[in-house]
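Student: sequence and computational prediction follow.
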Amino acid sequence: MPRMRHLLTHDGLAAVDALLQRRPLLAFDFDGTLAPIVAQPDKARVGPGIARRLAALAEWLPLAVVSGRALADVRARLGFTPQYVVGNHGAEDAADARAAAAHAQRLDALRDRLARDAPALGGAGVVVEDKGASIALHYRTARDRAAAAALIDGMLAAPDPALRVFGGKMVVNVMAADAPDKAKSVCGLVARAGCDSALFAGDDVNDEPVFAAAPSDWLTVRVGRDDPHSRARWFLDGTAEVPVLLERMLATLQRGAV
């Protein structure tokens, strides 16, 4: 498998310029991509400079934010209004509220179990975040992260075909097995936007399905090079390089290259 290459190079920026000629969908994860990862997730926000650039890009091309957060939560943190926002790792789309409600209902048995195990989880420093169509078990603030992660793994060890469990950065996520992941969501958005290609940027485990499923003519970007096995074709060295990419795209569009 080819290794990721740095996007802010001659070849990488040439690939960006070539993609813009095709008027792609621009799609971004939120935490760790548009906003830095923070110890208290409620404090995460898109910075004003990035929000301004994204709003300008959205005037040129269809733009989507596809986040693990709940839809209403991520919308309130953006500082601009993109054409599309999808929450809960792809399971919550404003275009199909009925499906999102059904995905949320399939988590009811897990909710009951988490309520019963609340004392043990709280004692281990695990924070349970119920986002409706998905549930996140955070252990970033636990004193003993390894013990907290082991407790979560033990609770979820019994396979349940109705659920899908996947990790993240100091978090374990659970959602309905039949809910769309980010890959299906982004592919659906490409079609809805009338595009035939996309740029997608993300930083975590739940973004890897997009990287793996993306056609060869998409531009996939991992923010951070912490996973050498990522299926993304390009990388940025952290969120500090995201505004550099956005500025380059704006300059290309504004000088009439598209």
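Tutor: Alright, I've got the coordinates.
Student: okay, now E129: neighbour count?
Tutor: Neighbour count for E129, taken as other Cβ atoms under 10 Å: 17. To be clear about C-beta, it is placed using only N, CA and C from the backbone, and glycine gets the same treatment.
Student: same check on P161?
Tutor: 7.
Student: assign it to helix, strand or coil.
Tutor: At P161 the chain is in coil, as set by DSSP: H, G, I helix; E, B strand; the rest coil.
Student: and the one 3 residues further on, by the same measure?
Tutor: Classification of R164 into helix, strand or coil gives strand, according to three-state DSSP.
Student: which strand residues bridge it?
Tutor: Note on R164: beta-bridge partners by DSSP bridges are M175.
Student: burial of the closest residue to P82 other than its chain neighbours, as a residue count?
Tutor: Leaving aside its sequence neighbours, P82 sits nearest to L63 (Cβ to Cβ, 6 or more residues apart in numbering; 4.5 Å). The number of residues packed near L63 is 23, by other Cβ under 10 Å.
Student: how near is V38 to F30?
Tutor: From V38 across to F30, the span is 12 Å (Cβ to Cβ, to the nearest Å).
Student: overlap of the contact sets of these two?
Tutor: Counting by Cβ atoms under 8 Å, 6 or more residues apart in numbering, the common neighbours of V38 and F30 are A44.
Student: who has more neighbours, those two?
Tutor: Counted by other Cβ under 10 Å, V38 and F30 do not tie: F30 has more neighbours, with 23 against 13.
Student: who's in contact with the closest residue to that one other than its chain neighbours?
Tutor: Nearest non-adjacent residue to F30, counting by Cβ to Cβ, 6+ apart: S67, 3.9 Å away. Residues near S67 by Cβ under 8 Å, 6+ apart: 29-31, 74, 85-87, 89.
Student: burial of the nearest residue to L199 once chain neighbours are set aside, as a residue count?
Tutor: Ranked by Cβ to Cβ, 6+ apart and with sequence neighbours excluded, the top spatial neighbour of L199 is L219, at 4.5 Å. Residues contacting L219 under the criterion other Cβ under 10 Å number 22.
Student: where's L219 relative to T33, distance?
Tutor: For L219, the distance to T33 equals 14 Å [Cβ to Cβ].
Student: and what of T252?
Tutor: For T252, the distance to T33 equals 20 Å [Cβ to Cβ].
Student: who's more crowded, those two?
Tutor: It is T33, of T252 and T33, that has more neighbours when counted by other Cβ under 10 Å, with 28 against 19.
Student: secondary structure element holding that one?
Tutor: Assigned by DSSP states H and E, T33 belongs to no helix or strand.
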